[in-house]
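Need a 3D model of the following:
(4 chains)
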Protein chains: 4
Amino acid sequence: MAGSRYAYTRTFELPDPLLPTTFFVIRLDGKGFHGFSKAHDFDKPNDVKALELMNMAAKRTMEGKELMGECVIGFGESDEYSFVFKRSCKLHGRRQSKLVTLVTSLFTSAYVFLWPSYFPNSPLQLDELPVFDGRIVQYSTELEVKDYLRWRQVDTHINNMYNTCFWALVLEGGMTAQEANKELSGTISSQKQELLFSRFGINYNNLPPMFRKGSVLVWEDEPTPAPIEAASEPEAVEPSSSSTSAEPSPSASPAPLLTPDGRPRRNKKLDKKTVKPKRRVIVVHEDLIGESWWEEGGRGAGILQG
Amino acid sequence: MAGSRYAYTRTFELPDPLLPTTFFVIRLDGKGFHGFSKAHDFDKPNDVKALELMNMAAKRTMEGKELMGECVIGFGESDEYSFVFKRSCKLHGRRQSKLVTLVTSLFTSAYVFLWPSYFPNSPLQLDELPVFDGRIVQYSTELEVKDYLRWRQVDTHINNMYNTCFWALVLEGGMTAQEANKELSGTISSQKQELLFSRFGINYNNLPPMFRKGSVLVWEDEPTPAPIEAASEPEAVEPSSSSTSAEPSPSASPAPLLTPDGRPRRNKKLDKKTVKPKRRVIVVHEDLIGESWWEEGGRGAGILQG
Amino acid sequence: MAGSRYAYTRTFELPDPLLPTTFFVIRLDGKGFHGFSKAHDFDKPNDVKALELMNMAAKRTMEGKELMGECVIGFGESDEYSFVFKRSCKLHGRRQSKLVTLVTSLFTSAYVFLWPSYFPNSPLQLDELPVFDGRIVQYSTELEVKDYLRWRQVDTHINNMYNTCFWALVLEGGMTAQEANKELSGTISSQKQELLFSRFGINYNNLPPMFRKGSVLVWEDEPTPAPIEAASEPEAVEPSSSSTSAEPSPSASPAPLLTPDGRPRRNKKLDKKTVKPKRRVIVVHEDLIGESWWEEGGRGAGILQG
Amino acid sequence: MAGSRYAYTRTFELPDPLLPTTFFVIRLDGKGFHGFSKAHDFDKPNDVKALELMNMAAKRTMEGKELMGECVIGFGESDEYSFVFKRSCKLHGRRQSKLVTLVTSLFTSAYVFLWPSYFPNSPLQLDELPVFDGRIVQYSTELEVKDYLRWRQVDTHINNMYNTCFWALVLEGGMTAQEANKELSGTISSQKQELLFSRFGINYNNLPPMFRKGSVLVWEDEPTPAPIEAASEPEAVEPSSSSTSAEPSPSASPAPLLTPDGRPRRNKKLDKKTVKPKRRVIVVHEDLIGESWWEEGGRGAGILQG
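Down below sits the predicted model:
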């Protein structure tokens, strides 16, 4: 057959498996989001709707049938998102390019699809589309994975504190960008907190936890609905996304395609038939740096095992 | 600083460069498109709008500032697309995961964004999103790259002939899928052509070239518009996408966000200022298997050099 | 300078680091040792001198300044040797090809150098040189490394039992190779033990432990010599290689270039000056499959930590 | 079986193939040869016997059955050697670690084995063994491979000119190493030539070509011996190694285990039976930088093709 004459070119596709039992993280970063956020006039230093859109795209990524429930933690800040997989994950034969492109594509697809629900008055443009790059990183131990997430959360804190000061100086203090950067140069954390409080009356610790700690996505068993009421108004009795957080969420945006807690509206007839306990991904803004989140009784206890 | 304590986890990101001077191809494949195409009721054996959407997403990918004009050929069929880069491409330090995820994300973003223009009556659903995986393959010689494209085009031909027969037997001949597969089992190309002609009056060679040969995306210098008319109605004098093909395109779908030849509508004031000759990507449906397309005088002459 | 014109070819050397904190094993295998062992008339099923030569080449590899004491366990059987490195090993920036070629070359060099001490009457030939290939394998957990060594020790046991039966049937039982293989086909371990005992009077468990368990190389603090006696006759008070094993070693071959326990003879003046406790590699033939070797009190306790 | 319980650890051996049609070079470098060359009192700036030993170890490597004649060019200088393989080489499934360790081990084995023939009065020591590391590098085009060899030959020239000056200043000029380095700092090639001629009467271009150009190993058909004379004294009619060079070789060392041109002495009875034309590797010291060596009529014409 004619095909076989050129099919030799297929042998150039080389194998690229991860090691068999490493943990791995897939991290996505917005490409050129400086310009993109300007084009859509994102609030500074943090745009609540933009962050919630990231969270919902990530929730969709984790919950989707494509990943078969194998991603156990998500962590997002600004225009980046990390997805953590356990040692035992065997998805797609652990082929690196398969895994990293699948997650990148899934997240991008959800982000573009959900955009109009969050920015109905600022439609996307073909020549300024949201684009993400992805990478995949392997870790040998549970501690390394925890420390990876701590690294990202410390980064969230450092960036947020700097940006909060910077934009206060610019937007409220009337400084130029250059003046603001100079003012902040060399300052340590406590000096920035003092600056925010004394000049702008901002208590940094009262800022929304989503800004200060980023967003953590984890699985939770869905509460079993009471049989009768559930059929008529199931969403009404479910906790909203913000109430799953120990600290108040900065906003609750309308998302017509989703249930109040950010899940896709499903066909209820199908759902009723499944007997096994259902799980869903929730968004919280909690501290991962201390040990208590990971220890017995904490939300992340045992989350990386198995 | 606190950040440095966990920043060691960054050292787990290993380098993954391509060889410095290989050609490379990034190929995307629709993930689970069997179900996706059913959900949106794609025409069988080929859905013109679905193929044109693929082409426009690929055109946007090639033309975008993100790739800096470095992709020199695109080739698409069904739910897959290949993007070919020359030896000299130095984009993103030739980092493999960066390149493959960027192209995958860009294509996905354009596909979801353009969807409503092609399927206005069949909106996407959050739990059935279009998703693509990607891979990157290196080649050492120009011949191998040509043969890669020939492999894909032969594949297009074989699949299309089979599917055309299969769906004629099912949709017009009233067979079950099983009966149709049995009927076709072991037949060679000439037998399938005969079957189509004698039973269904279909002359295979008269089918739209997009179905038989797939779609080839290449760069073309834009015609220099006459200074005065161009200012008033530049698009009006430009050839439409279909006329760039040597053979007739099966349809010309309305795409409100695009110019008639599939480019994003731009701010004309900006465009006027650039002096250098402008290029754009066009879609053709031509034979890549013979030598003439690649030789002097052919559209692909010298396209892989440099 | 002229050099810079061609120096671009250096950029084709791609990085190949191991992950930062994996354990790793470098395993060497004799290449074409079937022919090599025939050419030098190795005893069947095991040649004591050939095994001891392997052990001494491995000891030299582990002890050498080239590896800076970073290899913590060696394991050898037949014509293969494994060298185990801890997570914390940073040798040569953990570059894979550097590490695997260095160990392969070092072992080969020692093997060829030591050959005449073990086979003085069967000199090597230029066209039948001993050659080894090497590979490097990463592991994420301590258990996996232990199981790797257990895999090799179980392999030693299975091969040795089969070969002991096979050569008894051939050399003492007068069978052809084909007859012996047929006789053993499908037998389990207990049947092979019974065969050895009932037909040839061999109690398998009394065979030398080096044959049954392979050879394990580990570090041991050298006994501090009493200051006066040590100066006059240091080797005389040191334990010989065989006595470090819990079970008797099958032989003690003369090795003129080495001390009785297989270390290179050194300049004693230099040694005296070093104050820190000295270590050396010893060869034992112990069970790694059970837990006791690895647990507190066992020789391997804590050997993979740090 | 017990083996299967631990055999999962084998799955950690990941594939590492080269691309299917790249050229590749395996380059070996002496590890710590500064100390090694001092220990054996190598002549400065070049030790003829040490270079010839490198050449004979490389010749053995190329000619050995292990590489099946697939290495087409060798190039050596100082304590490094490069082995070039063509695109079409399929040896060992093009597995990188297999190939690079095999060549490294083979070369090391030959070097240690041949040592006594070249340095009979300076035996090797167990704690100062010759060791080499290896790397493998892929190239996409013939020009890149040529330029790789040119890079090494330019390097040979630059190093040799510097070292020749340096050691003349030290050994004949009575300078310290520091003074000599200072004297040479910033000088260009013509100044070094002038220095050698005016102060030490050395005409650089008359130095042995092996020092100035390194050593090139290529295959040559053996001259077919006349049937009768060949049987009695085959070696007598063969050209010696030095006469195959266009320029005189600096020495012809006695190598009792080898024929005069550096091949292992073989069993003549076996050789007579083979009918196909025999090939052997010869050592020349020729210019690879110009085009003439590679062009039609040159020794390297077509050497990289196929």
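
residues in contact with the closest residue to A:Gly64 other than its chain neighbours?
Computed as Cβ to Cβ, 6 or more residues apart in numbering or on different chains, the closest residue to A:Gly64 that is not its neighbour in sequence is A:Leu106, at 6.1 Å. C-beta coordinates here come from the backbone N, C-alpha and C atoms, glycine included. Neighbouring residues of A:Leu106 by Cβ atoms under 8 Å, 6 or more residues apart in numbering or on different chains: A:60-61, A:64, A:66-67, B:129, B:131.

ok, of the residues you listed, which come out buried?
A:60-61, A:64, A:66-67, B:129, B:131 (16 or more other Cβ atoms under 10 Å in any protein chain shown).

Please name the strands paired to the helix or strand encompassing A:Gln138 in the sheet, noting orientation.
Assigned by DSSP states H and E, A:Gln138 belongs to strand A:132-139. Strand A:132-139 pairs in its sheet with strand A:23-30 (antiparallel), by DSSP bridges.

buried stuff in the partner strand?
Quick answer for strand A:23-30 (16+ other Cβ under 10 Å): A:23-30.

cool, and stretch A:199-214?
Neighbour-count burial for stretch A:199-214 flags A:202, A:204, A:207-214 (criterion: 16+ other Cβ under 10 Å).

Narrow the residues you listed to those in helices?
A:209-213 (DSSP state H).

May I see those residues arranged in TSV, with pLDDT and distance to chain C as well?
Output for these, formatted as TSV (pLDDT from 0 to 100; distance: Cβ to the nearest Cβ, whole Å):
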residue	pLDDT	distance to chain C
A:Pro209	98	32
A:Met210	98	32
A:Phe211	98	32
A:Arg212	97	30
A:Lys213	98	27
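
For A:Ser82, what is the enclosing helix or strand?
strand A:80-85.

how about the CA coordinates for the strand or helix carrying A:Gln178, as PDB?
Element membership for A:Gln178 (DSSP H and E) is helix A:177-184. Output in PDB follows, covering the C-alpha atoms of helix A:177-184 (Å, rounded to 0.1, in the frame of the first residue of the first chain):
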ATOM      1  CA  ALA A 177       5.400  53.500  38.100                       C
ATOM      2  CA  GLN A 178       9.000  54.500  38.400                       C
ATOM      3  CA  GLU A 179       8.600  56.400  41.600                       C
ATOM      4  CA  ALA A 180       6.600  53.600  43.100                       C
ATOM      5  CA  ASN A 181       9.200  51.000  42.300                       C
ATOM      6  CA  LYS A 182      11.900  53.200  43.700                       C
ATOM      7  CA  GLU A 183       9.900  53.700  46.900                       C
ATOM      8  CA  LEU A 184       9.600  50.000  47.400                       C
END
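
Pull whatever helix or strand comes next after it out as CSV, backbone CA atoms only.
Using DSSP H and E, the next helix or strand after helix A:177-184 towards the C-terminus is helix A:189-200. What follows is helix A:189-200, C-alpha atoms only, in CSV (Å, rounded to 0.1, in the frame of the first residue of the first chain):
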residue,chain,number,x,y,z
SER,A,189,7.7,42.6,54.4
SER,A,190,7.1,44.5,57.7
GLN,A,191,7.9,47.8,56.1
LYS,A,192,5.5,47.2,53.3
GLN,A,193,2.7,46.3,55.8
GLU,A,194,3.5,49.5,57.7
LEU,A,195,3.4,51.6,54.5
LEU,A,196,0.0,50.2,53.5
PHE,A,197,-1.4,50.8,57.0
SER,A,198,0.1,54.2,57.8
ARG,A,199,-0.4,55.9,54.4
PHE,A,200,-3.5,54.1,53.0
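
so where's the longest helix in chain A?
helix A:142-167.

returning to that earlier point: mean confidence for the strand holding A:Gln138?
Across strand A:132-139, the average pLDDT comes to 98.

angle of that strand against helix A:142-167?
For strand A:132-139 against helix A:142-167, the angle by axes from the mean of the first three to the mean of the last three Cα atoms, to 10 degrees is 140 degrees.

List of residues touching strand A:132-139?
A:18-19, A:22-31, A:96, A:99-101, A:103-104, A:107-108, A:111, A:145, A:148, B:9, B:12-14, B:97-98, B:101-102, B:105, C:19.

Can you tell me which residue of the stretch 51-200 of chain A sits closest to chain C?
A:Ser140 (4.4 Å; Cβ to the nearest Cβ).

Around chain D, which positions in chain A sit nearby?
Applying Cβ under 8 Å from any Cβ of the partner chain, we find that chain A lies next to chain D at A:11-12, A:14-15, A:17, A:19-20.

Could you identify the buried members of the contacts of strand A:132-139?
Of those, these count as buried by 16+ other Cβ under 10 Å: A:18-19, A:22-31, A:96, A:99-101, A:103-104, A:107-108, A:111, A:145, A:148, B:9, B:12, B:14, B:97-98, B:101-102, B:105, C:19.

center of chain A - which residue?
Residue closest to the average C-alpha location in chain A (Cα atoms, centre = their mean): A:Gly76, at 3.4 Å.

any idea how far A:Gly306 is from A:Val218?
Distance, A:Val218 to A:Gly306, using Cβ to Cβ, to the nearest Å: 15 Å.

between the two, who's got more neighbours?
A:Val218 (19 against 8; other Cβ atoms under 10 Å in any protein chain shown).

quick one: the more buried one is in a strand?
Yes: with DSSP: H, G, I helix; E, B strand; the rest coil as the criterion, A:Val218 is part of a strand.

wait, it sits on A:Gly302?
No: with contact defined as Cβ atoms under 8 Å, A:Val218 does not count as touching A:Gly302 (11.7 Å).

on that earlier part again, in JSON lines, list the buried residues of strand A:23-30 along with pLDDT.
Shown next, in JSON lines, are the buried residues of strand A:23-30 (pLDDT from 0 to 100):
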{"residue": "A:Phe23", "pLDDT": "98"}
{"residue": "A:Phe24", "pLDDT": "98"}
{"residue": "A:Val25", "pLDDT": "98"}
{"residue": "A:Ile26", "pLDDT": "98"}
{"residue": "A:Arg27", "pLDDT": "98"}
{"residue": "A:Leu28", "pLDDT": "98"}
{"residue": "A:Asp29", "pLDDT": "98"}
{"residue": "A:Gly30", "pLDDT": "98"}
